[in-house]
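Enquirer: Predicted structure and sequence below. I'll ask about it afterward.
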Amino acid sequence: MIRLPKIDLRYWILMVLATTIGEIVGNLISRNLGLGYSTGSIFLILSYLLSLVIVAIRNIQSKLIYWYLIILGNIAGTNCADFITIEPLKLGTIFGSLLVMGILTLTLIVWKLTSKNLSIDSGLSKTTFYLYWLAIITSSTFGTTSGDFLSNDTSLGAGGGTILLAGLLFIIVVLTNYTKVSKEICYWLALVIIHPIGATTGNYISKPAGLNFGNIWTSVALVLMFILIFISDKINKKQNL
């Protein structure tokens, strides 16, 4: 049984940073490094799958490895989204988003049918382990397709899209804390919303339509911010000993 990190405010802050890092670094790999969407997607998916197999076989229990998989899944998801919407499949952001959302929904249905326990608090079994990480990379792919749709194909743009998604996320927070809606349902709804937030935020920071910091400097800044927040918890624990 592999347990997830504690689902608290710090977890969600790191998740937003991880999804934004995934958007920027994914674009950096496919565009700035010139690997292209096909080669980049294949390389990243294989790296993701290999990492999952190693973690499952060795039953690794590590927050660092968990966040490594989250970030790698988000980077791979960004490339997969571009593979689906831009080149070579060219489905566009609307049909691409619908396709990926269908895959994510099917993944969660299979999880429900094959496991009596959908609770993320109790940890991941051998079956739900792979379904969980399939859902992560799929929701990441959906985040990029839908985030690009809001940023590029609507009048909202990256900034307006981020505000809209933040409002939806606030509604999910209210549902989680003040209603009897299943926490597992709220968890996945939050992930589905947070992933496009990462995409729209990344687009706003890095692209000319926003702050235009570029993929390289934005990646460096976000990674450093993620590391500082991640190690701050360890520093606090040592000080409290």
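Expert: Done, it's in. Numbering: from 1, shown residues only.

Enquirer: give the contact list for Gly96.
Expert: Gly96 sits next to Ala81, Ile84, Thr85, Leu89, Thr145 when contact means Cβ atoms under 8 Å, 6 or more residues apart in numbering. Heads up, the C-betas are built off the backbone N, CA and C, glycines and all.

Enquirer: Nearest to Ile21 among the residues you listed?
Expert: Ala81 (15.0 Å; Cβ to Cβ).

Enquirer: Buried residues, the helix or strand containing the closest one. List them.
Expert: Using DSSP states H and E, Ala81 sits in helix 63-85. Burial within helix 63-85, assessed by neighbour count using 16 or more other Cβ atoms under 10 Å, is assigned to 63, 66-67, 69-85.

Enquirer: Repeat that for stretch 123-130.
Expert: Leu124, Thr128, Phe129, Tyr130.

Enquirer: follow-up on the earlier one: and the contacts of Gly96, which is the shakiest by pLDDT?
Expert: The pLDDT minimum for these sits at Leu89, where the score is 90.

Enquirer: helix, strand or coil for it?
Expert: Put simply, Leu89 is coil when judged by DSSP: H, G, I helix; E, B strand; the rest coil.

Enquirer: so it touches Cys80, yeah?
Expert: No - counting by Cβ atoms under 8 Å, Leu89 does not reach Cys80; the two are 10.1 Å apart.

Enquirer: how deep is Phe170 tucked in, by neighbour count?
Expert: Neighbours of Phe170 under the rule other Cβ atoms under 10 Å: 11.

Enquirer: ok, now Tyr178?
Expert: 8.

Enquirer: Give me the distance between it and Ile172.
Expert: Distance of Tyr178 to Ile172, given as Cβ to Cβ, to the nearest Å: 11 Å.

Enquirer: what helices or strands is whichever strand or helix holds Leu189 leaning on?
Expert: Taking DSSP H and E as the definition, Leu189 sits inside helix 183-206. Contact partners of helix 183-206 among helices and strands, from 3 or more Cβ pairs under 8 Å, 6 or more residues apart in numbering; DSSP states H and E: helix 9-27, helix 63-85, helix 126-152, helix 157-178, helix 215-240.

Enquirer: pLDDT score assigned to Asn215?
Expert: Looking at Asn215, the pLDDT reads 85.

Enquirer: The residue nearest to Ala56 when sequence neighbours are not counted: what's it in contact with?
Expert: Nearest residue to Ala56, sequence neighbours excluded (Cβ to Cβ, 6 or more residues apart in numbering): Phe129, at 5.8 Å. Counting by Cβ under 8 Å, 6+ apart, Phe129 makes contact with Ile2, Leu52, Ala56.
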